[in-house]
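J.: generate a structure from the sequence data that follows.
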Amino acid sequence: MLGGMRRWIMAHPRQCKNMYLYQRGHPSSRHSEVDWSDVDYEKYPLFNELKAHEVIMRPGDVIYIPMYWFHFIVNLNINWQCNSRSGFTDKYKREIAECGRF
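T.: Residues are numbered from 1 along each chain as shown. Have a look, this model is predicted:
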């Protein structure tokens, strides 16, 4: 994080069944139908079971997001960052396959 602040919420791929992902083929496939900033728990009751990690990033912080991990980002103010991809891995492939959405 080069400047400003961001709130990151990250969930392990095994949590995908609690996230109500769009079906494969949908333009937003691999994304959650749920508005994470204003959850309708009546419509998405399993979202209440979601286990996630949360962090506030500040200037100088570095974060590693493993491949296939789900994330939701909230900009807390004007911010800027530099990001890079670290390559591909088969880790979590089983969890993603069990989800049935990929």
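J.: could you list the single helix or strand in this structure with the lowest mean pLDDT?
T.: Ranked by mean pLDDT, DSSP states H and E, the weakest helix or strand in the chain is helix 93-99, scoring a mean of 80.
J.: what residues sit buried inside it?
T.: The neighbour-count check on helix 93-99 (16 or more other CB atoms under 10 Å) flags 96, 99 as buried. Quick note: C-beta positions are derived from backbone N, CA and C, even for glycine.
J.: and if you look at stretch 73-92?
T.: Of all the residues in stretch 73-92, those buried under the rule 16+ other CB under 10 Å are 79, 92.
J.: contacts for the least confident helix or strand of the chain, please.
T.: Helix 93-99 has contacts (CB atoms under 8 Å, 6 or more residues apart in numbering) with 12-14, 16-17, 21, 68, 102.
J.: partners of the helix or strand where residue 71 lies, with directions?
T.: Using DSSP states H and E, residue 71 sits within strand 70-75. Partners of strand 70-75 in the sheet, by DSSP bridges, are strand 6-11 (antiparallel).
J.: using CSV, list the CA coordinates for the partner strand.
T.: Taking Å, rounded to 0.1, in the frame of the first residue of the first chain, the C-alpha atoms of strand 6-11 are listed here in CSV:
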residue,chain,number,x,y,z
ARG,A,6,-8.2,0.0,2.3
ARG,A,7,-10.3,-2.6,4.2
TRP,A,8,-9.9,-6.1,2.9
ILE,A,9,-12.2,-9.0,3.7
MET,A,10,-10.9,-12.4,2.5
ALA,A,11,-12.4,-15.8,2.6
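J.: pLDDT check: weakest of the contacts of helix 93-99?
T.: Ranked by pLDDT, the contacts of helix 93-99 bottom out at residue 102 (57).
J.: partners of the most centrally placed residue in the chain in the sheet?
T.: Compute the mean C-alpha point of the chain, and by CA atoms, centre = their mean the closest residue is residue 71, 1.6 Å away. Beta-bridge pairing for residue 71 (DSSP bridges): residue 10.
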